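Participant: okay, here's the prediction I keep looking at, along with the sequence it came from:
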Amino acid sequence: MSNLLSNLDLSIVIPIDLNRRSWDIYKRIKNYVRIFAHSNIQIILGCHNEPKFWVSCVQKLITPYNNFKLCLVSTQKSSLAKLRNIALNQVQTRYVLFLDVDIYPDIEIIQQAYKYTINKPNTLAMFPCLYLSKMGSKKIYTKPTTEFIKNYYDFRRDLIQHLAFPSSIILTDLASVQAINGFDEAYIGHGYEDFDFMLRLFKYKGLIEYTNDILVDEPYLAPLMSIGFRALLAKSCLEILLSPYYFLHIFHKKNKQESYYRLRQINQNYFNSKFHIMININHELDKLALLQTFFMLLKDKKESPKYAVLWAEIEGYKFRINSY
């Protein structure tokens, strides 16, 4: 174990809900134990106290390791915001990294992401996340992250579904998270609690202003073609796309008819009503703002053509191939 790795003043906060995908999530946690069992990085899980059987299984799994904590909360409605906050209450390190349980914990990437963040003046970094396909996820234990990054820029959509940027993978100082009072627990189920948190954190850090963009909510095919609050968040962190600090999201099936996902529209309405009154600048980003800023970063790069995937707005399935 490297000296830096053994001295990371870092906690990783992960929300888990064992009412859904119980066995799958248990296996994910087991992998975290395998990787972090002998690290001083703190792994703090915010978890519902039901179902009792699976909660007990997780408790037995992590009990031998002092750097793992399971923080239980009793609530009738699934709330990622509540689960993250209950875990945040147990953080005692200077820095905190927010991950999803489906993020593959590449310890070398985490080490470098930590070093990158603590050396930034604003001690805040948002990292790109590659969503792997079912086929790509089967290769996660045999291929390094660097190969998946190359696959993405080679348009290998048989292995990678898309790149999320902005993403909710945030590493920052705990003091700033506490200053904005963590996550807003008015959000229920899935959706918008992470965007809400990121907008408030970025505003607190002086990286953005609340312009008209925060009410423009449109998904994107290519990260550099995003608009609205997604573009606002991405613009301040574009340089990270030129780094090797990418995280990988393991494929899993999801049923969008679950109430967990159907509550997204309610969350969107709450998000809009909340931020509508916060706009303090009557301005919108130019639709080419991300491209222009990114091209400035590429000015001295000899391999700039390889980044074309970041603005190629083409449906991913059109690139999927049957090789490999």
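Facilitator: Alright, I've got the coordinates.
Participant: isn't residue 14 right next to residue 87, touching?
Facilitator: Yes. In this structure residue 14 lies within contact range of residue 87 using Cβ atoms under 8 Å: 7.2 Å. For every residue, glycine as well, the C-beta is placed using N, CA and C.
Participant: neighbour count winner among these two?
Facilitator: Comparing residue 14 with residue 87 by other Cβ atoms under 10 Å, the one with more neighbours is residue 87, at 27 against 24.
Participant: so how far is residue 302 from the closest residue to the more buried one other than its chain neighbours?
Facilitator: Spatial nearest neighbour of residue 87, excluding adjacent residues (Cβ to Cβ, 6 or more residues apart in numbering): residue 46 at 3.6 Å. Per Cβ to Cβ, to the nearest Å, residue 46 is found 45 Å from residue 302.
Participant: ok so, going back, find the residues that touch each one of residue 14 and residue 87.
Facilitator: Common neighbours of residue 14 and residue 87 are listed as 44-46 (criterion: Cβ atoms under 8 Å, 6 or more residues apart in numbering).
Participant: give me the subset of the residues you listed lying in strands.
Facilitator: 44-46 (DSSP state E).
Participant: by neighbours, which of those wins?
Facilitator: residue 46 (26 neighbours).
Participant: what's the spacing between stretch 104-118 and its chain's center?
Facilitator: Mean-position distance between stretch 104-118 and its chain equals 13 Å (Cα atoms, centre = their mean, to the nearest Å).
Participant: coming back round to it: mind putting the shared contacts of residue 14 and residue 87 into a markdown table with pLDDT?
Facilitator: What follows is the shared contacts of residue 14 and residue 87, written out as a markdown table (pLDDT from 0 to 100):
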| residue | pLDDT |
| --- | --- |
| 44 | 99 |
| 45 | 99 |
| 46 | 97 |
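Participant: okay, those in CSV with distance to residue 118 next?
Facilitator: Converted to CSV, the shared contacts of residue 14 and residue 87 look like this (distance: Cβ to Cβ, whole Å):
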residue, distance to residue 118
44, 19
45, 24
46, 24
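Participant: which single one of these is nearest to residue 199?
Facilitator: residue 46 (21.2 Å; Cβ to Cβ).
Participant: test my guess that that closest one contacts residue 79.
Facilitator: No. In this structure residue 46 lies outside contact range of residue 79 using Cβ under 8 Å: 9.7 Å.
Participant: coming back round to it: which of the shared contacts of residue 14 and residue 87 lies closest to residue 173?
Facilitator: Out of the shared contacts of residue 14 and residue 87, the member with the shortest distance to residue 173 (by Cβ to Cβ) is residue 44, at 15.9 Å.
Participant: and what about the residue lying closest to that closest one once chain neighbours are set aside, helix, strand or coil?
Facilitator: Distance criterion Cβ to Cβ, 6+ apart; nearest residue to residue 44, sequence neighbours excluded, is residue 87 at 4.4 Å. With DSSP: H, G, I helix; E, B strand; the rest coil as the basis, residue 87 sits in helix.
Participant: what of residue 171?
Facilitator: Strictly by three-state DSSP, residue 171 counts as strand.
Participant: partners of it in the sheet?
Facilitator: Beta-bridge pairing of residue 171 under DSSP bridges involves residue 97, residue 125.
Participant: show me the shaky parts of the chain.
Facilitator: The chain contains residues with pLDDT under 70 at 1-6, 78, 255-261, 313-324.
Participant: which parts of it are strands?
Facilitator: Using DSSP E, the strands assigned to the chain run over residues 10-16, 42-48, 68-73, 95-98, 103-104, 124-126, 129-132, 160-164, 170-173, 247-249.
Participant: nearest to residue 221, out of these?
Facilitator: strand 160-164 (8.0 Å).
Participant: helices and strands around that closest one, which ones?
Facilitator: Strand 160-164 makes packing contacts with strand 129-132, helix 145-153 when contacts are defined by 3 or more Cβ pairs under 8 Å, 6 or more residues apart in numbering; DSSP states H and E.
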